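Participant: Here's my sequence, what's the structure:
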Amino acid sequence: MKKEDMNIVIVGHVDHGKSTLMGRLLADTDSLPEGKLEQVKETCRRNSKPFEYAFLLDALKDEQSQGITIDTARCFFKTEKRDYIILDAPGHIEFLKNMITGASRAEAALLMIDAKEGVQENSRRHAYMLSMLGIKQIAVVINKMDLVDYDEAVYERVKEEYIEFLKQISITPKFVLPVSSFAGENIVKKSDKMPWYDGMCVLEVLDAFESEGDKENQTFRMPVQDVYKFTRNGDDRRIIAGTIESGTIRAGQEVVFYPSGKRSHVKNIEVFHAPAIEVAVPNMAIGFTMEEQIYITRGELMSVADEKPPQTASRITANIFWLGKNDLVSGKTYYLKIGADKVKAELECVKGVINSSNLSATQEKTSVGRNEVAECVIRTDKPIAFDLVSDLAGTSRFVIVDNYEIAGGGIITAAMPDEQQELHEGAMLRNFKWEVSDVSAEERMEHYAQKPNLLVLTGPEGTGKKKLAKMLERDLLNRGRFVYYMGMGSYLYGVGADTKKSDVQDHTEQIRRFAEVANLMLDAGMILIVTATDLTQSDYKIMKMVMEREFEIIWVGNEITTNLSPDLQLADKDYEKGIWRITDLLKEVGAIFRV
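Facilitator: Next up, the predicted model:
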């Protein structure tokens, strides 16, 4: 029978002995490859360098030369009860974002404190981050007791100070224990150097941690990492791939993808270079083929139809730990990454900020500074799927990217209503009721040698948008493309006639209906060209919410007169150059892939 697995993270201030403890655990449980310990000792001897157990882990040259751990190292060892993955997270303040990466995968944590140095600034920060990441099982390991002559009074003083801090952030450690990683005292067996301590050693503490759950019995969740289409040798499979976060799934079950709300039934569960299987469980990197072919993109969250669904929203309340060089501020666009999804996001407001070192609170702030923790409202440019941290911590965690760097991380505590919630719910209902054709999207793309695409030409009146659109339609048709031009008037006085006649025109409903019409035409495999006057960013968001597809916005005119951010700007009435540049854009986004 396979033993259960558990991920443990070791965190603490720099040089408080994390890597040494890991090296000791490996060596004293005979978990090292044969001859590894002797090899490292011999290397140290040849270099006239005193041997340290941390060298068993610090494989990177610059780590050994500087004596610090830069990335999250992993080591594996076994006890009679479990198979462990121990994650060693960096202690330097510069490497806190790496520490978050390691801790986000852990079920329990060891917080290391140097008995001689006592509680340091990062000791507090690391505890706060563990709290935010939802890690509730924590053991405080007071290390380097050999440097204080195994003095019980020193141990009690450090213990009291740290527990008092932990109380303020609602952490109650399951264990507090004194050790000497360097001397191997109280690591894998009770130490006779500390007769005043009658608790467990480190190895016993690890085995005493409770498994986070039987993840197999939790609600099924899998972030969709990619969709693969095979064509060689008659293989026509379309495989939805990802790594299962929680729960189990069987062939034949009905599944729903969020935030789109699209649903289908699992046909086969595919394994790389192996026969299909009947059941998939957590942590498996897996692929699925579907009975009903639906258009799914990277970032969707897969769930089982008869289980509790995830939340979906484009406004969230979240606890954020900010690590960026620049403050988190309103009015700036960031990227929020959750699961496999990546969306544009903005800070809407700061509800409160807490200094993670001294826990001082500030309510009167409009930004979040480096190493501060804040409760914030975040707005994304499209709905995201997630669980609340109180339900499933793994699918509640996210990071924020600023200028290509991870600048913060956090957990979602609540879904917030917004003005587009009704639009999103309508789109989900439509997807739920959608009659799927026997002709797949891939078959249409292959038949027409194109990917469906919407081109919206907008700008002020009198810039020649309609003429350019009609010339573009003719050019693409002559190239053999399945293309259609629709002027906004054709729609407004037909499908949207009732919104046009009302005393107060319902502009949001006009845009919503137009997006639904466009969605139908794109589902047919078409390149659709539309002209509209002075579209705004709000119009764009409504269209994207309803269509749940990427599309191109082209501004025609020498000056952008609304708050829209177009994909391309063209000088007015430069038709030949305009057609050439739009065709290049279609090639760039993959809408035209065979000339």
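
Participant: which secondary element of the protein has the worst mean pLDDT?
Facilitator: When each helix and strand of the chain is scored by mean pLDDT, DSSP states H and E, helix 61-66 comes last, with a mean of 38.

Participant: Which residues belonging to the helix or strand where residue 242 lies are considered buried?
Facilitator: Using DSSP states H and E, residue 242 sits in strand 238-243. Across strand 238-243, burial judged by 16 or more other Cβ atoms under 10 Å covers 238-242. Just so you know, the C-beta spots here come from the backbone N, C-alpha and C atoms, and that holds for glycine as well.

Participant: mind listing the helices in the stretch 201-350 of the chain by residue range?
Facilitator: Using DSSP state H, counting those that start in this stretch, the helices of the stretch 201-350 of the chain run over 202-208.

Participant: how about low-confidence regions in it?
Facilitator: Residues of the stretch 201-350 of the chain meeting the criterion pLDDT under 70: 212-214, 230-237.

Participant: Kindly report the same for the stretch 1-150 of the chain.
Facilitator: 1-3, 14, 16, 30-38, 50-76, 86-106, 132-134.

Participant: go with 80
Facilitator: Scanning the stretch 1-150 of the chain for pLDDT under 80 picks out 1-9, 12-20, 22-80, 83-107, 121-123, 125-126, 128-136.

Participant: repeat for the stretch 401-550 of the chain
Facilitator: Residue ranges of the stretch 401-550 of the chain with pLDDT under 80: 418-436, 438, 440, 442, 488-506, 545, 548-549.

Participant: residue boundaries of the strands in it?
Facilitator: Under the criterion DSSP state E, counting those that start in this stretch, the stretch 401-550 of the chain contains strands at 405-416, 453-459, 483-487, 527-533.

Participant: and the angle for the last one with strand 483-487?
Facilitator: What it means is strand 527-533. Angle of strand 527-533 versus strand 483-487, following axes from the mean of the first three to the mean of the last three Cα atoms, to 10 degrees, is 20 degrees.

Participant: buried set for strand 527-533?
Facilitator: Residues of strand 527-533 classed as buried by neighbour count (16+ other Cβ under 10 Å): 527-532.

Participant: Now flag whichever of the buried residues of strand 238-243 is closest to residue 198.
Facilitator: Nearest to residue 198 out of these is residue 242 (Cβ to Cβ; 47.4 Å).

Participant: ok, the closest one touching residue 225?
Facilitator: Yes - counting by Cβ atoms under 8 Å, residue 225 is a contact partner of residue 242 at 4.5 Å.

Participant: Need the residues touching each of those two.
Facilitator: residue 340 (Cβ atoms under 8 Å, 6 or more residues apart in numbering).

Participant: Nearest residue to the middle of the chain?
Facilitator: residue 338 (2.3 Å; Cα atoms, centre = their mean).

Participant: Provide a list of residues in contact with residue 271.
Facilitator: Residue 271 neighbours (Cβ under 8 Å, 6+ apart): 277, 286-287.

Participant: Any of the residues you listed buried? List them.
Facilitator: Buried subset of these (neighbour count, 16+ other Cβ under 10 Å): 286-287.

Participant: any chance of the contacts of residue 271 in TSV, with distance to residue 302 too?
Facilitator: Shown next, in TSV, are the contacts of residue 271 (distance: Cβ to Cβ, whole Å):
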residue	distance to residue 302
277	17
286	10
287	11
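
Participant: tell me which of the contacts of residue 271 is nearest to residue 374?
Facilitator: residue 286 (36.6 Å).

Participant: can you pull the contacts of the nearest residue to the closest one once chain neighbours are set aside?
Facilitator: Nearest residue to residue 286, sequence neighbours excluded (Cβ to Cβ, 6 or more residues apart in numbering): residue 280, at 4.8 Å. Contacts for residue 280 (Cβ under 8 Å, 6+ apart) come out as 244, 248-250, 269, 286.

Participant: ends of stretch 239-248, how far apart?
Facilitator: Chord length of stretch 239-248, first to last residue, is 18 Å (Cα to Cα, to the nearest Å).

Participant: which residues touch that stretch?
Facilitator: Contact partners of stretch 239-248, identified using Cβ under 8 Å, 6+ apart, comprise 215-230, 270, 279-290, 296, 302, 304, 307, 339-340, 392, 394-395.

Participant: coming back round to it: distance from the strand holding residue 242 to the middle of the chain?
Facilitator: Relative to its parent chain, strand 238-243 has a centroid offset of 17 Å by Cα atoms, centre = their mean, to the nearest Å.

Participant: Same check on stretch 487-500?
Facilitator: Per Cα atoms, centre = their mean, the centroid offset for stretch 487-500 relative to its chain is 40 Å.
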